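Participant: quick one, structure for this:
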Amino acid sequence: MKVVLPDNSELELPDGATGLDAARAIGPKLAEQAVLIRANGNVQDLRLPLQDGQPIQILTTRDKDDPDALYVLRHSSAHLLAEAVRRLYPGVKIAIGPPIENGFYYDFEFPQPIHEEDLEEIEAEIRRELKEGREWTREEISRAEAKARFAAEGEPYKVELVDTAEGDISLYMQSHDGVADFTDLCRGPHLQNTKPIKALKLTGLAGAYWRGDSSKQQLTRIYGTAFYSQEDLDAYLERLEEARRRDHRRLGVQLDLFHFDEHSPGSPFWHPKGMVIVNTLEDIRRRENARRGYLEVKTPLIYDKALWVTSGHWEKFRENMFLIPVDDEHVYGIKPMNCPGHMLLFGSALRSYRDLPLRYAEAAPLHRNELAGALHGLTRVRYVTQDDAHIFCTQEQISEELDGCIDYLRYLYGLFGLEPRAEFSTRPDNKLGSDEEWDFSEGELQAALERHRIDYVVGEGEGSFYGPKIDLHITDALGRSWQLGTIQLDRQMPARFGLTYMGPDNAEHAVFVIHRALFGSYERFIGILTEHYAGAFPFWLAPVQIRVLPVGEHHWTAAAGLAERLREAGYRADVGEPTDTIGKRIRNAELEKIPFTIVYGDRESDESLAVREHGGEQSTVGLVDLLARLATLAA
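Facilitator: So this is what the prediction gives:
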């Protein structure tokens, strides 16, 4: 048999040769460092046989940044965690332990609860395993043998996994000095041995229901991460610490922007300072919508079941809706999106081709019944305010309207120095409409992305049930990717509502709808911005732009007068009352991330102001020059 290497050369091997055999045929050093095979673009354990003619890539410890190489390292580390826990906690039952983005986890049913402080002992046990060294070997057994084995070991979760597994059943044994220390049910892949695992850290505990089902046993999930070098782990932990410092849930309280309350889970309470940010974004939305030909509308929050049946949401989205049973015959739903209401609005009158495109915009409160465990600050909420719009247009107008949406999103994201990327999401299994209709809609969206040279990946099957979509992503200051807005092309929902327009031929024609939200939701967007800026919002967006600090009580009148003149000039200025030392008040202004602080004492006047910028830079400037500087920042 032959396999094809990345340089397109062919490597001849005996029939049934494995990935490790291929590495050995190239050289002993490569075989020693090999961690994984990528065959036909898919990951494959080194121990599995290769196929004749298969293109392969041998990943080694030198590929330490490759996601697949990290995947196999972390998968193997999860098994070390399971061995350590079983040794330290007799009677524990082990469930499942996959690699995940940035690390791995393993779920356990402990005989007694464990706590964060117990992770240190578990980590020490893993370090002992690494010092001893472990080798992994793979074995395939029958389903009956596997069930009997795990039943005898008192591992009910493994027995259930065997029952529901597809294909062959394989075990991985990790051993040292020829003695098996731990055997786990697993498809792999795994490292040859533990030598490549140079750095490992357990990072936290959480509760997790078995198989994500709240009706089943709650387990304890232990999270960890692992790397091919200590330097990479140190850098990751520093990024993690920086992410904690930037956590919008902490900064939201520190900056007095918002809070959450158990009386309305997943629904932010916006404080006055937080509303400054919300209203600033809303001002931009209204201004730009007016410039771009959108018409502001307002539609009801609650609709009867019949509407949701017509739109398709009753069948496809009902479990995510808040429902209101009125009597035995009538059920109403609080709207999770504006689309059906805008369909009714369009259908309320006979429309001519001369009316199109018709662009409706509405930033209405929406409610989605997210699972309690999925809620996460502002980035996953039940109360959502989208910068929503629906563009009703002819087939011939689609291309130009998509161009307008992309121009709009580039302008909005550019205000924050963010560059959009896209995920182009195609037809799902539960789609409405024919393949021919989806071919057309997908073609229009893909062509728009390519016209505007926006980088994108394809999300196969990730589209909405009524149409394909472009999900918009950005990268924040920590290099993290976030999904924000969406642009969707839909011919199914208007058809379900019987929406048409009269063409120049006096005949009815099908209307298309472009669903468009660019911020996505104010809640999520502000949460992401808070972390992106670490709470230090740009001057034009900062809730308090300038704080004037009178050094003493006798400076209060002059300081308050200065703040009033700044407010009259259009800036958000306040006065820090002299109830603490001037040093403490300067420190508080710094913690509140206020862009400019003016200290006003005996030597200050309109001609000479002591100005401190957030971050520590200090200068002495006159009021006229300061206002000129602020005007450039406000723009």
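Participant: which one is Val276 nearest to, not counting chain neighbours?
Facilitator: Nearest residue to Val276, sequence neighbours excluded (Cβ to Cβ, 6 or more residues apart in numbering): Pro543, at 4.2 Å. The way it works is simple: take the backbone N, C-alpha and C, and place the C-beta from them, glycine included.
Participant: look up phi and psi at the one you found.
Facilitator: The phi and psi values for Pro543, taken as degrees, to the nearest 10, are phi -60, psi -40.
Participant: and it, how many neighbours?
Facilitator: Burial measure for Pro543: 21 neighbouring residues, criterion other Cβ atoms under 10 Å.
Participant: pretty sure it is in contact with Trp270, am I right?
Facilitator: No. Taking contacts as Cβ atoms under 8 Å, Pro543 lies outside contact range of Trp270: 11.0 Å.
Participant: quickly list what's touching both of those two.
Facilitator: Common contact partners of Pro543 and Trp270 (Cβ atoms under 8 Å, 6 or more residues apart in numbering): Leu257.
Participant: quick one: the residue nearest to Val276 from Glu531, how far?
Facilitator: Applying Cβ to Cβ, to the nearest Å, the value for Pro543 to Glu531 is 16 Å.
Participant: now Lys195
Facilitator: 37 Å.
Participant: and these two? Which one has more around it.
Facilitator: Glu531 (25 against 15).
Participant: surely the more buried one touches Ala243?
Facilitator: Yes. Between Glu531 and Ala243 there is a contact under Cβ under 8 Å: 7.4 Å.
Participant: could you name every residue contacting both of those two?
Facilitator: Leu478.
Participant: so what's the residue nearest to Val276 up against?
Facilitator: Leu255, Leu257, Pro272, Lys273, Gly274, Val276, Ile277, Phe537, Arg572.
Participant: secondary structure class for Arg585?
Facilitator: Under DSSP: H, G, I helix; E, B strand; the rest coil, the three-state class of Arg585 is helix.
Participant: mind pulling up the pLDDT for it?
Facilitator: With respect to pLDDT, Arg585 scores 94.
Participant: cool, Tyr408 as well?
Facilitator: The score at Tyr408 is 96. That number is its pLDDT.
Participant: quick one: pLDDT of the closest residue to Ile470 other than its chain neighbours?
Facilitator: With sequence-adjacent residues excluded and distances taken as Cβ to Cβ, 6+ apart, Ile470 is closest to Ile487, at 4.5 Å. Looking at Ile487, its pLDDT is 95.
Participant: part of a strand, is Ile487?
Facilitator: Yes. According to three-state DSSP, Ile487 belongs to a strand.
Participant: hang on, isn't it packed against Asp403?
Facilitator: No. The criterion here is Cβ under 8 Å, and Ile487 misses it with Asp403 at 11.0 Å.
Participant: show me what counts as buried in the helix or strand of the chain with the lowest mean pLDDT.
Facilitator: The least trusted helix or strand in the chain, going by mean pLDDT, DSSP states H and E, turns out to be helix 313-316, with a mean of 86. For helix 313-316, burial by neighbour count (16 or more other Cβ atoms under 10 Å) applies to His313, Trp314, Lys316.
Participant: ok, now how distant is Pro494 from Thr310?
Facilitator: 11 Å.
Participant: quick one: contacts for Arg239?
Facilitator: Arg239 is in contact with Leu478, Gly479, counting by Cβ under 8 Å, 6+ apart.
Participant: check which helix or strand it maps to.
Facilitator: Using DSSP states H and E, Arg239 maps to helix 230-246.
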